[in-house]
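>>> Give me a model of this one.
(one chain, ligands or ions: 1)
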Amino acid sequence: MAYLVTGCAGFIGGRLCEILVQRGNFVIGLDALTDYYDLRIKQNNLRSLQTYERFRFIQSDLVTNDLKPILEQVDCVFHTAGQPGVRGSWGEQFHLYLRNNIQATQRLLESIKSLHRNIKVVFSSSSSIYGNTDQLPTSETALPRPYSPYGATKLAAEHLCSLYCVNYGIPTVSLRYFTVYGPGQRPDMAFHIFIKALLQNAPIKILGDGSQTRDFTYVDDIVAANLLAAEKSVEGEIFNIGGGSRVSLRETLSILETVSGLTPTIHYEPPTKGDVRDTSADTNKARRLLGYEPKTGLEEGLRRQFGWEKGIY
Ligand SMILES: NC(=O)c1ccc[n+]([C@@H]2O[C@H](COP(=O)([O-])OP(=O)(O)OC[C@H]3O[C@@H](n4cnc5c(N)ncnc54)[C@H](O)[C@@H]3O)[C@@H](O)[C@H]2O)c1
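Presented below is the predicted three-dimensional model:
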């Protein structure tokens, strides 16, 4: 099996590539190297991937480049490329969300369609497609009602995957990730920011009163779910991928205190628009059809992320 990982220089795509090559697979990594956050982080990810002979990097934009010569070489695509971040999706930058989440996915699917080859696509969707739901834990059958422009674009991309599957038989699977964390986490994400502040003895800003809850998922569990989705015959299906527990932001700070031995100074600020109150994944379907079982608990995962950030700050 040869794999294409789109978004290979990013947080999740980078870790997925690493695990694939360590398993002995051949991987083509594609990334446009967008400047959403410090490019040096992405270049660093790439540098370590390029030490593996089985990894080949192609700098390419899914929206503008000819993808067919790349797709001809692979059997399965892990489509992690996209424009993440809830806050940035309001206002002027929305065009990036349209482009990198919707257009990029449509172009990838069209290119596969034109090749008439059976290439599986595992799409990185998001719990943000649910919005503020009353159903906690949330199952895949809950009505999607995104609460942010970001969530709306991820839902549109997910629909594209499903409709190319039913119309053209492209075997697509969508995985709805619930807040991903661990070493390599994006610098705009909460745990990354909290740990950096702790290490630099700076105050931690909590947006809201800290009672909002999240289902946090360790990055290697996300990778495991991708591998299972690629292996199993689950074409056309959509799965929640969560970490197995629902924890408030305040609770995460006390876990961080235990893990780091450092006491945070906390500043509370008004919540941001688009941030949902609670998320919690019902992962029964993933358990049943994929055999998915999250393996890393929050304390252990945060310990590993803390260790990683200690090395860079
Ligand atoms: N991190 C999370 O908690 C989380 C949660 C739910 C869903 N997701 C989804 O998972 C995916 C990966 O997230 P991440 O946190 O690793 O983000 P990331 O920003 O670190 O990685 C995404 C990568 O995609 C690349 N990219 C963007 N547009 C592209 C294009 N047009 N062509 C080629 N490459 C392009 C970027 O350069 C970047 O390296 C995203 O689709 C995101 O929406 C992430």
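
>>> Single out the residue in the chain that lies closest to the ligand.
Going by C-beta to the nearest ligand atom, the ligand is nearest to Gly10 of the chain, at 2.0 Å. In this view, the C-beta of every residue, glycine as well, is placed from N, C-alpha and C.

>>> Hmm, Leu46 and that residue touching each other?
No - counting by C-beta atoms under 8 Å, Leu46 is not a contact partner of Gly10; they are 10.3 Å apart.

>>> buried stuff in the top helix by length along the chain?
When the chain is parsed with DSSP state H, its longest helix is helix 149-168. Residues 149-162, 164-165 are the ones in helix 149-168 that count as buried (16 or more other C-beta atoms under 10 Å).

>>> Please apply the same query to stretch 211-223.
Gln212, Thr213, Arg214, Asp215, Phe216, Thr217, Tyr218, Val219, Asp220, Asp221, Ile222, Val223.

>>> Strands - which of those residues land there?
Thr213, Arg214, Asp215, Thr217, Tyr218 (DSSP state E).

>>> Please name the residues that touch the last one.
This means Tyr218. Val180, Tyr181, Gly182, Gly243, Pro294, Lys295, Thr296, Glu300, Gly301 (C-beta atoms under 8 Å, 6 or more residues apart in numbering).

>>> can you check the second one too?
The contact partners of Arg214, taken as C-beta under 8 Å, 6+ apart, are Phe178, Thr179, Arg246, Val247, Leu249, Asp278, Thr279.

>>> can you map out the strands along the stretch 51-200 of the chain?
For the stretch 51-200 of the chain, strands defined by DSSP state E, counting those that start in this stretch occupy the ranges 55-59, 76-79, 120-126, 172-177, 180-181.

>>> Which strands or helices does the last one pack on?
Packed against strand 180-181, as judged by 3 or more C-beta pairs under 8 Å, 6 or more residues apart in numbering; DSSP states H and E, are the following elements: strand 217-218, helix 219-231, helix 298-312.

>>> which of these is buried the deepest?
strand 217-218 (a mean of 26; mean count of other C-beta atoms under 10 Å).
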